[in-house]
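[1] Predicted coordinates and the sequence they were generated for:
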Amino acid sequence: MILVRCILVGLISALSSAAFAQELGTLVPDTPTRTANIEVVCTGVGLDARQNPAWTGYPLKIEVAGRGGQYLGDVHLVLSQKDEKLAMLTCGGPWILFRVPTGRYQVEAQMEGRTAFSTAFVPVTGQGRIILRFPELGGAMSPPVEVMKSSSPPAGQ
C-alpha cells in the first residue's frame with residue numbers, strides 16, 4: 001500500500017510539473033523562451049523585428065492577421081500534437097515562432113472572443129508557416145490615396 005501511495009504521489013507530481021511547464025503566460029517580445037523540449041519566441045512588431053535573420057532558424061512560424069491582412073497581436077495560442085498540449089501562451093506580436101521537431105501540430109488561437117484553428121506541418125528542412133486569420137478583427141483599412149490631377153497648367157507657364 002505504501003508503494004502504491006508513493007507511485008501515485010510521484011505521478012501526480014510529474015503531471016503537475018508538466019502542466020506548469022506548458023503554460024508560458026505572456027511572452028516577452030523578441031526574447032526566446034524555453035519549456036521542456038520547445039523554444040518559442042513572440043515577435044513581428046516593427047520592421048526590425050520582422051527582418052531579424054535569427055527567426056528563419058525556427059522550423060514553425062505562425063502569423064496572426066486580421067481584416068485586409070493586417071497583422072494582429074495579443075493572441076492566446078495553444079500548440080498541440082496528438083491531443084497533447086505542448087505550449088499555451090499569450091503573444092503581443094503578430095508572429096509566434098517555435099523550435100519544434102518535424103511533424104504535424106494543431107494550433108488554436110483565441111482573440112477578442114473569437115477562435116481560429118489550423119494544422120501546421122514542420123518540414124525536415126526549412127520553415128513551416130501558417131497564417132491564422134481573424135477577418136472580423138482589426139482596424140478599418142484606409143482607402144488608397146488618390147492623386148489629384150490638375151486641368152490647368154502649373155503657374156509660370
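    Received, thanks.

[2] Who are the contact partners of the residue nearest to the spatial centre of the chain?
    Among the residues of the chain, the one closest to the centroid is Ile96, at 2.9 Å (CA atoms, centre = their mean). When contacts are counted by CB atoms under 8 Å, 6 or more residues apart in numbering, Ile96 touches 40-42, 61-62, 64, 75, 77, 89. For glycine as for every other residue, the C-beta is placed from the backbone atoms N, C-alpha and C.

[3] helix/strand/coil for it?
    Here Ile96 is recorded as strand under DSSP: H, G, I helix; E, B strand; the rest coil.

[4] quick revisit: and the contacts of Ile96 as JSON lines, adding secondary structure?
    JSON lines is the format used below for the contacts of Ile96 (three-state DSSP):
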{"residue": "Val40", "secondary structure": "strand"}
{"residue": "Val41", "secondary structure": "strand"}
{"residue": "Cys42", "secondary structure": "strand"}
{"residue": "Lys61", "secondary structure": "strand"}
{"residue": "Ile62", "secondary structure": "strand"}
{"residue": "Val64", "secondary structure": "strand"}
{"residue": "Val75", "secondary structure": "strand"}
{"residue": "Leu77", "secondary structure": "strand"}
{"residue": "Leu89", "secondary structure": "strand"}
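
[5] Out of those, flag the one nearest to Arg133.
    Lowest distance from Arg133 to the contacts of Ile96 (CB to CB) belongs to Val64, with 8.2 Å.

[6] Any idea what that closest one is bridged to?
    Leu132 (DSSP bridges).
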